[in-house]
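Based on what follows, work out the 3D shape:
(2 chains)
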Amino acid sequence: MKVTLERAELVKALAHVHRVVERRNTIPILANVLIRATKNGLELKATDLDLEIVETIPAEVKQASATTVPAHMFYDIVRKLPEGAQVELQSGSDKSALQVRAGRSRFTLQALPETDFPDLAAGELPHKFKVVAADLKRLVDKTQFAISTEETRYYLNGIYLHAVDEKNARLRAVATDGHRLAQAELPLPKGASGMPGVIVPRKTVAEIQRLIEDAGEEVEIELSPAKIRFSLGSVVLTSKLIDGTFPDYGRVIPTGNDKTLIVDKSDFAAAVDRVSTVSSERGRAVKLSLTSGKLTLSVTNPDSGSATEELEVDYGSEALDIGFNSRYLLDITNQLEGDKARLKLADPGSPTLLEDSEKSGTLYVLMPMRV
Amino acid sequence: MPVRQLSEILINRIAAGEVVERPASAVKELVENALDAGARRIEVVLSGGGSRLIRITDDGAGMSPADLSLAVERHATSKLADENLESIATLGFRGEALPSIGAVARLTIVTRMKGADSAWEILVEGGKKHPVKPAALGEGTRVEVRDLFFATPARMKFMKTERAETQAAIEAVRRLALSRPDVAFTIVAEDRAPVTYAARTDDNEGRLARMADVLGGELRENAVAVQGEREGVGVTGLAGLPTFSKANSLSQYLFVNGRPVRDKVLIGAVRAAYADLLHGDRHPVVALFIRIDPREVDVNVHPAKTEVRFRDPGLIRGLLIRALKDALGEGSMRSSSTGADRLVAFARRHVGGARAGSTWRGSAAPAFAPGFAEETQQAFDALASPSTDARANVVPVAAELLDRPLGAARAQLHETYIVAQTRDGLILVDQHAAHERIVYEKLKAALDRDGIRRQILLVPAVVELDANDAANLVERADDLAKLGLVIEAFGGSAVLVREVPAMLGETDAASLIRDLADHLAEWDASLPLERRLLAVASSMSCHGSVRAGRRLKPEEMNALLREMEATENAGQCNHGRPTYVELKLEDIEKLFGRR
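Below you'll find the predicted structure:
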């Protein structure tokens, strides 16, 4: 192989792909990035066997070929080359090493044969649709915090992406860890109706968030029941999906909560944050005492002291005491978009619904703590 | 006070203090005599911890009346036929045991030579010799020692409890029994059942059988055979797996030409061979037999003959370390079977009765202890029920991998443990410990291959030592240079440190050198240095390996298992803890009481 290209192009692409490569591996080639020079340019590919990123960048290819080199080291080298440099990659006929040259620097990296590089083999991906990058980012951003990390409930370790075909069809994302649930949705894109419900793993979700830089571009999504592929410009991310069934989350979303509390979002968040200062690490419960027009937040920590704060709120129902994990409460208020937060409550032992005041397509459900 | 010649009796009592320190040493000397006499069967009877009675009966050559009378005299022996101390082939040679015992006890010897028609008896009481008289006995010799130390009451005071003395005496016989599998031994002591070790053949097989008799079957299952030869010196025996270690070094049985020894060169070599397999305060279990030309070793160092001097200690040390490392490397795919045993025992304790108070129904949310006055986070009821598709995250089994020693990976639990299935059992692997060992062995191989980088000191360090230590260290400068430490002589009693191993970072050269000098005495000169280097390698490998908490895909788990199979010493981590436990189907059947 013999290739010349801009350092800037190479750094940007490697920054994308090297992240999926684990630092420590039991299979040596998984530490490598595949470099393939073709007439279309230079293709870089990295995988952790569940997730694969391929990025193609422009390059002047004098001799087409492919090899693999340690991803983190290659990235570090290219990153440290001076800005504006031209990088030359060259491998001999035995392909046991790759030479990297720029200016007067010269590196020789040990290579492993590209034929050993694992391929995710996506197979047929029958469902295909396009989403504006900003919309996709919003679906992911609003729900990602609620993904469970508990490995025994592996089917909750991702975002459940599915089509809801009711009178106004939508593409919906849901995540839950059993204590809280987040839901966000978009009008159903063309071509997405009839798609199977799929669970996108946490690591894939995080990569998508990082890869979306240009909010205006369109992302092409292709999927089958087992795999999903996102194409964003020159980057193609293919991932396995979580093989499980997402629970019937609809049963958790309360419909009959009749006590409505409307509160200024930022005042509320700041107050919750203030009073929870006295709580110790475990638990972190904050008690909400509601009377007509008034909300009293309080935290009692038997080891250190207590805190209370009063807020004027819009509340007209009967008095109610209810406790929440302050961290969870702040996570959700951080996602709300309007100035006001709307909480729909039932009783201290039932799920509470949180929404933006405006019609936003998002909703959050939070289970109280017993206080 | 005028100078005077000590009486013969006093001289003997003084000499006896060296040879006969406690009943066990008398037993050792007498059994050795029996072995030297060509006995095929030896019976040892002990009473009162050996101080009331020691009776050794053998079927050896026996003695004529004249020999009998002479045998109890000082410096009389039948064993140095050619007056040559250079090549001693018998266990005894000093001619001290019988007169020494006679000097401090009531010693009766009855003997009948092969083919003779009558037996003879002699009695020595506190050094006083009685005339030889006729007696009755089959062929062989019976030695009775009664009231040991009655003539030296001071020594009596230093005796330990009867139980401890009995134990020590039996231990002495066990050591000799290990060295001579072809001789049958019977040990009879009060308060315990008589033990008989049947005669075995005098080859490797017989030796293994005798080891199993003496040391118990457990060692056989948890040891690998050691075999090595270099320049006419041979070593055979068993080396215990690192996971089968002990808290003390009592279970190290070392023999030179059949003679049980506790020798510093040998002990040091054993420690060096296990250096990075065991934690510092654990001791390996070994039984090693060294065959060497008697002219190459001097056994005439100590009256009790437990120490020896080798003409070429470096050769012995190198041979032993190599043979042990080879054996342990090959045996590395065997983790201690006691791991499984312990697991079974542990699991048995924790099922049934112990949990009677609790129920199987778990609470939906973890309940905090009431004293903490903390609140509980409630969970969605609807999600508490299992998903309709509650498949565990298991991996379909690859049939061809079942035959591999560590089998096929089936699942990862708690993001830390790999469960693998073999044809006849299951394997639990600690992923971090296992990968750490693999990375560590690779680092070690790289150090061997590339050598150790040396940092040159700006100001060479001068370390004052005593002249002897300094000279010895300088003599080994070449070996030390290979390990990255460059020293040279500096005046008579100091060494100059010019370069140190770079990987040690900032080192206190003086303390390192003193450490090395201290170990010189044990012919272990480089061990402290090696240990420090390996400690650095070990912490580097810890950082470079897959941690607990990392999810591994099936391909990665299988790759780890295959790598473990290919790596030396993969059965234990750098501290001697097992990296995996194998549960055979029969172990599992034991767990459920099916066996």
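
For the helix or strand hosting residue B:268, buried residues please.
Using DSSP states H and E, residue B:268 falls within helix B:264-273. The neighbour-count check on helix B:264-273 (16 or more other CB atoms under 10 Å in any protein chain shown) flags B:265-273 as buried. Every residue, glycine included, has its C-beta placed from N, CA and C.

residues in contact with it?
If you take CB atoms under 8 Å, 6 or more residues apart in numbering or on different chains as the criterion, helix B:264-273 is touched by B:249, B:252, B:254, B:256, B:284, B:286, B:288, B:290, B:307, B:310, B:313, B:316-317, B:320-321, B:324-325, B:328, B:519, B:521-524, B:527, B:530.

filter these to the buried ones?
In these, the ones that pass as buried (16+ other CB under 10 Å) are B:252, B:254, B:256, B:284, B:286, B:288, B:290, B:310, B:313, B:316-317, B:320-321, B:324-325, B:328, B:519, B:522-524, B:527.

I figured residue A:28 hits residue A:111, correct?
No: taking contacts as CB atoms under 8 Å, residue A:28 lies outside contact range of residue A:111: 11.5 Å.

For residue 156, grab the count of nearby residues.
Since you didn't name a chain, this refers to chain A. 26 (other CB atoms under 10 Å in any protein chain shown).

oops, chain B please
The burial count assigned to residue B:156 is 14, neighbours taken as other CB under 10 Å.

model confidence over the helix or strand that contains residue A:298, on average?
Element membership for residue A:298, per DSSP H and E: strand A:294-301. Across strand A:294-301, the average pLDDT comes to 91.

Following element in sequence after that strand, please.
Immediately after strand A:294-301, counting by DSSP H and E, sits strand A:305-312.

contacts for that following strand?
By CB under 8 Å, 6+ apart, strand A:305-312 touches A:263-264, A:267-268, A:271, A:274-278, A:293-300.

now the angle from it to strand A:294-301?
170 degrees (axes from the mean of the first three to the mean of the last three CA atoms, to 10 degrees).

what about strand A:305-312, average pLDDT?
Average pLDDT, strand A:305-312: 93.

Could you point out the helix or strand that follows it?
Following strand A:305-312 in sequence, per DSSP H and E, is strand A:314-315.

by contact count, what packs against that following strand?
Of the remaining helices and strands, those touching strand A:314-315 by 3 or more CB pairs under 8 Å, 6 or more residues apart in numbering or on different chains; DSSP states H and E are strand A:259-264.

Is chain B within reach of the helix or strand following the strand it packs on?
Following strand A:259-264 in sequence order, the next helix or strand is helix A:265-275 (DSSP H and E). No: legend: contact between helix A:265-275 and chain B by CB under 8 Å from any CB of the partner chain is lacking; minimum distance shown is 14.5 Å.

Could you pull out the buried residues of helix A:265-275?
Under the neighbour-count criterion of 16+ other CB under 10 Å, helix A:265-275 has A:265, A:267-269, A:271-272, A:275 buried.

Now intersect the buried ones among the contacts of helix B:264-273 with the helices, please.
B:313, B:316-317, B:320-321, B:324-325, B:328, B:519, B:527 (DSSP state H).

Against chain B, how distant is the residue of chain A most remote from its centre?
Most distant from the centre of chain A: residue A:93, at 41.6 Å, with distances by CA atoms, centre = their mean. For residue A:93, the distance to chain B equals 27 Å [CB to the nearest CB, to the nearest Å].

Next one: that residue from residue B:55, what distance?
84 Å (CB to CB, to the nearest Å).

Using the record's domain definitions, break the chain down for me.
Using chain A here. Domain ranges of chain A: A:2-116, A:127-251, A:253-366, per automatic domain parsing.

I was after chain B.
B:8-197, B:216-330, B:336-351+B:389-595.

Quick check: closest non-adjacent residue to whichever residue of the stretch 151-300 of chain B sits closest to chain A.
Here the stretch 151-300 of chain B gets closest to chain A at one residue, residue B:276, 21.1 Å apart by CB to the nearest CB. Excluding the flanking residues, the one nearest residue B:276 by CB to CB, 6 or more residues apart in numbering or on different chains is residue B:534, at 4.7 Å.

before we move on, what about residue B:503?
Nearest non-adjacent residue to residue B:503, counting by CB to CB, 6+ apart: residue B:536, 5.0 Å away.

Okay, and that neighbour sits in which element?
Residue B:536 belongs to helix B:527-543, assigned by DSSP H and E.

What parts of the stretch 1-150 of chain A come near chain B?
Residues of the stretch 1-150 of chain A lying close to chain B (CB under 8 Å from any CB) are A:22, A:24-27, A:30, A:48-50, A:118.

I am finished for the moment; much appreciated.
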